[in-house]
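Asks: Whatever this is, show me its structure:
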Amino acid sequence: MPLQQHSNDDIAKRMARIGDEFAVNGNFLYGEELCNGHINTTYRVCYRSEDGREDRYILQRINDYVFKDPAQVMRNVEKVTRHISWKILRRRRDAAGQTLQLYPARGGRNYIMLPDEGGMWRCYNNIEGTHTYDVVENTRQAYQAGYAFGSFQDLICDMNPEDIKESIPDFHNTPKRYADLLTSVAADPLGRAVNCREEIEKLAAWSGRFGKLTAMQAKGDLPTRITHNDTKINNVMLDEETDTAVCVIDLDTVMPGLVLYDFGDMVRTATCRANEDEEDLSKVYMQLPFFESLAEGYLDAAHGFLTPTEVDWLAFSGWLITTEIGMRFLTDYLDGDKYFRTSKPEHNLIRARNQFKLAESIDSHLEQMQQYIRRLMRSYTKR
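Replies: Next up, the predicted model:
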């Protein structure tokens with residue numbers, strides 16, 4: 001993870017003050033800001049206990065602009081982490097330390113409200129001996145990303161979707177996202193629409209495909225399940241020595257939805273070696289060997305609970321979610337960059353163009369992708 005170590009005493013005192021609100025052991029030593037997320041503010045802090053042991057924890061402020069009801073977000077996270085811990089303890093008692101755990105705060109809850117420090121904070125265990133990647137570097141990592149999220153879905157597939165509430169309504173409702181974009185184009189509060197006419201026209205040409213999955217879900221052809229909804233490679237903790245998947249993190253967007261959305265976002269983030277803000281679009285394309293490894297890892301973990309209809313639409317979901325994320329970047333650009341963190345002028349427009357180029361590449365490989373998925377599924381029936 002990209003990080004920044006703070007030497008400023010005021011910042012260190014702030015982190016120590018926040019950490020003191022949670023059931024962590026020892027005296028504060030230092031803190032590091034983890035800078036790879038778009039949404040929340042995250043620190044890794046280190047404490048030394050009386051016996052000299054040093055332990056690290058994750059302190060995180062929930063972005064209440066993005067998450068309008070952060071208490072509901074925490075209720076979702078608590079239910080999912082408890083269920084996963086229960087499942088893993090039943091399967092392997094020695095694996096409990098490699099799952100995401102919340103630390104209690106003062107007052108008995110797993111979060112604390114600190115208005116002077118920006119709102120709601122929580123504390124997680126730091127998964128030691130692991131690291132993440134922002135971009136998949138090889139097919140082995142693609143396999144591990146697929147296996148990690150397939151395993152995550154397998155662990156929670158027996159949960160009732162009605163027990164988890166939407167933290168962001170219509171998060172992956174692509175027709176609704178497109179309607180929001182058109183509203184922003186019409187309003188054009190900053191006069192930016194002139195800079196992205198080509199992208200707006202491209203989306204209009206593609207719009208007839210946006211409602212395919214939501215229509216099937218409404219008819220009951222695709223089951224509603226609890227899904228992660230942010231399946232980037234940097235949300236998988238990998239063992240530092242072996243690069244094998246250890247734990248899935250960043251559960252704020254865990255909501256009822258379609259498993260296709262999770263798989264689609266994996267295709268978006270794990271089959272292209274260029275970062276999502278790469279400006280040289282000649283570097284932005286899907287690599288079929290990466291997709292094949294990703295699909296193999298995912299289906300190795302998830303094939304047992306998927307329906308035939310879900311399997312049939314896995315490849316299409318990669319195109320749809322890549323297009324949808326590009327649409328969201330473009331909407332945020334038009335609205336004044338309120339949602340995603342930006343670090344340079346036109347950052348969100350650059351991201352949108354990047355995603356639309358990747359979507360075109362995925363679309364050109366859809367038949368090959370689906371044929372490979374069918375071969376994989378046939379191999380499971382022969383085992």
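Asks: Geometric centre of the protein: which residue is closest?
Replies: D230 (2.0 Å; Cα atoms, centre = their mean).
Asks: Contacts only, for that residue.
Replies: Contacts for D230 (Cβ atoms under 8 Å, 6 or more residues apart in numbering) come out as 250, 252-253, 265. Where C-beta positions appear, they are placed from N, C-alpha and C, glycine not excepted.
Asks: Inside helices: which ones of those?
Replies: Within these, residues falling in helices by DSSP state H are D265.
Asks: of the contacts of D230, closest to R75?
Replies: D252 (11.6 Å; Cβ to Cβ).
Asks: Let me know whether the closest one touches S167 as I believe.
Replies: Yes: with contact defined as Cβ atoms under 8 Å, D252 counts as touching S167 (6.4 Å).
Asks: and for these two, which residues touch both?
Replies: Common neighbours of D252 and S167 (Cβ under 8 Å, 6+ apart) are 67, 73.
Asks: how near is T307 to D265?
Replies: Distance, T307 to D265, using Cβ to Cβ, to the nearest Å: 20 Å.
Asks: So for these two, which residue has more residues nearby?
Replies: Between T307 and D265, D265 has the larger neighbour count (other Cβ atoms under 10 Å), namely 25 against 11.
Asks: Kindly state the pLDDT recorded for the more buried one?
Replies: With respect to pLDDT, D265 scores 95.
Asks: check contacts around the nearest residue to it once chain neighbours are set aside.
Replies: In space, and not counting its chain neighbours, D265 is closest to T231: 4.4 Å by Cβ to Cβ, 6 or more residues apart in numbering. Counting by Cβ under 8 Å, 6+ apart, T231 touches 145, 149, 262-263, 265-266, 269.
Asks: So which of these is the closest to F210?
Replies: Closest to F210, out of all of these and judged by Cβ to Cβ, is D265, at 15.9 Å.
Asks: which ones are touching the closest one?
Replies: Counting by Cβ under 8 Å, 6+ apart, D265 has contacts 229-232, 321, 325.
Asks: coming back round to it: helix, strand or coil for the residue nearest to the centre of the chain?
Replies: Under the three-state scheme (DSSP: H, G, I helix; E, B strand; the rest coil), D230 adopts coil.
Asks: coming back round to it: which ones among the contacts of D230 lie within strands?
Replies: Per DSSP state E, strands hold no members of the contacts of D230.
Asks: Export the contacts of D230 to a markdown table and append columns for distance to Y285.
Replies: Formatted as a markdown table, the contacts of D230 follow (distance: Cβ to Cβ, whole Å):
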| residue | distance to Y285 |
| --- | --- |
| D250 | 26 |
| D252 | 30 |
| T253 | 27 |
| D265 | 18 |
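Asks: Widest-spaced pair of the contacts of D230?
Replies: D252 and D265 (14.4 Å).
Asks: The stretch 201-350 of the chain: strands as residue ranges?
Replies: Here the stretch 201-350 of the chain has its strands, by DSSP state E, counting those that start in this stretch, at 225-227, 236-239, 245-248, 255-257.
Asks: Point out where the stretch 51-200 of the chain drops to low pLDDT.
Replies: 91-98 (pLDDT under 70).
Asks: Which residue ranges of it form helices?
Replies: Assigned by DSSP state H, counting those that start in this stretch, the stretch 51-200 of the chain shows helices spanning 70-91, 139-156, 174-187, 197-206.
Asks: Burial-wise, tell me which of the ones you listed comes out on top.
Replies: helix 139-156 (a mean of 24; mean count of other Cβ atoms under 10 Å).
Asks: name the helices or strands packed onto it?
Replies: helix 70-91, strand 225-227, strand 236-239, strand 245-248, helix 259-270, helix 288-302 (3 or more Cβ pairs under 8 Å, 6 or more residues apart in numbering; DSSP states H and E).
Asks: How about residues contacting the fourth one?
Replies: So the one you mean is strand 245-248. So strand 245-248 is in contact with 98-100, 127, 129-130, 144-145, 147-149, 151-152, 228, 235-239, going by Cβ under 8 Å, 6+ apart.
Asks: go with 10 Å
Replies: 84, 88, 95, 97-100, 125, 127-131, 141, 143-153, 155, 228, 230-231, 235-240, 254, 297, 301 (Cβ atoms under 10 Å, 6 or more residues apart in numbering).
Asks: Please work out which of the strands of the stretch 201-350 of the chain is packed deepest.
Replies: By mean count of other Cβ under 10 Å, the strands of the stretch 201-350 of the chain have strand 225-227 as the most buried, with a mean of 25.
Asks: May I see the contacts of D265 arranged in CSV, with distance to I200 as well?
Replies: CSV is the format used below for the contacts of D265 (distance: Cβ to Cβ, whole Å):
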residue, distance to I200
N229, 26
D230, 26
T231, 27
K232, 26
I321, 19
I325, 16
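Asks: pLDDT and distance to D363 for those residues - can I get that in TSV?
Replies: Formatted as TSV, the contacts of D265 follow (pLDDT from 0 to 100; distance: Cβ to Cβ, whole Å):
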residue	pLDDT	distance to D363
N229	93	22
D230	91	23
T231	94	20
K232	89	21
I321	97	13
I325	97	15
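Asks: between those, which is closest to V284?
Replies: Once Cβ to Cβ is applied, the member of the contacts of D265 that ends up nearest V284 is I325, at 13.2 Å.
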